[in-house]
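Asker: just to be clear, the model below is a prediction. Sequence and coordinates:
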Amino acid sequence: MTKAGLDPRKLEDAASKLRAMAHPMRIAIIGLLESNEQMNVTQIYETLRIEQASASHHLNILKNKGVLDSRRSGKNTFYFLKHEALSQMIECLNRCH
């Protein structure tokens, strides 16, 4: 912890999540998942009119950084927002000003 009470590891984790989210296509995916509780890859890439490989790439980045989570149902993988992670990010940003 620093004198200001900030944990450098938590700050780096927050910065890493923000970097992952700071891409136009990933922002679009987050927006879609805010409007829809969960979606599979096909629904996401068809809605955004992008290639399946591109959608999968962006989804993996967001999942690896803890912004999204997924669940399998048969052959489909459904993605959804980890609201706790996003709430923590917003809370952190609000404390910064």
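Answerer: That came through, no problem. Numbering: from 1, shown residues only.
Asker: quick check, pLDDT for the most centrally placed residue in the chain.
Answerer: The chain has Val67 as the residue nearest its centroid, 3.0 Å off, counting by CA atoms, centre = their mean. Confidence at Val67, expressed as pLDDT, is 91.
Asker: cool, and Lys17?
Answerer: pLDDT, Lys17: 86.
Asker: so it is in contact with Leu68, correct?
Answerer: No. The pair Lys17 / Leu68 is not scored as a contact, 10.8 Å apart, by CB atoms under 8 Å. Glycine gets a C-beta too; all of them are placed from N, C-alpha and C.
Asker: neighbour-wise, which of these two wins?
Answerer: Leu68 (24 against 20; other CB atoms under 10 Å).
Asker: next, the contact list for the nearest residue to the more buried one once chain neighbours are set aside, please.
Answerer: Closest residue to Leu68 apart from its sequence neighbours, by CB to CB, 6 or more residues apart in numbering: Leu62 at 4.4 Å. Going by CB atoms under 8 Å, 6 or more residues apart in numbering, Leu62 touches Ala20, Met21, Arg26, Ile29, Ile30, Leu68.
Asker: most neighbours, which of those?
Answerer: Ile29 (27 neighbours).
Asker: any chance you could read off phi and psi for the residue nearest to the centre of the chain?
Answerer: Per-residue torsions, Val67: phi -90, psi -40 (degrees, to the nearest 10).
Asker: quick check: the gap between it and His23.
Answerer: 11 Å (CB to CB, to the nearest Å).
Asker: mind listing which of the contacts of Leu62 are in strands?
Answerer: Leu68 (DSSP state E).
Asker: which residues does Tyr79 contact?
Answerer: Leu33, Gln38, Met39, Asn40, Val41, Ile44, Leu59, Lys63, Leu68, Asp69, Ser70.
Asker: try 7 Å this time
Answerer: Each residue near Tyr79 by CB atoms under 7 Å, 6 or more residues apart in numbering is listed here: Leu33, Gln38, Met39, Leu59, Leu68, Ser70.
Asker: need phi/psi at it.
Answerer: Taking degrees, to the nearest 10 as the convention, Tyr79 sits at phi -110, psi 150.
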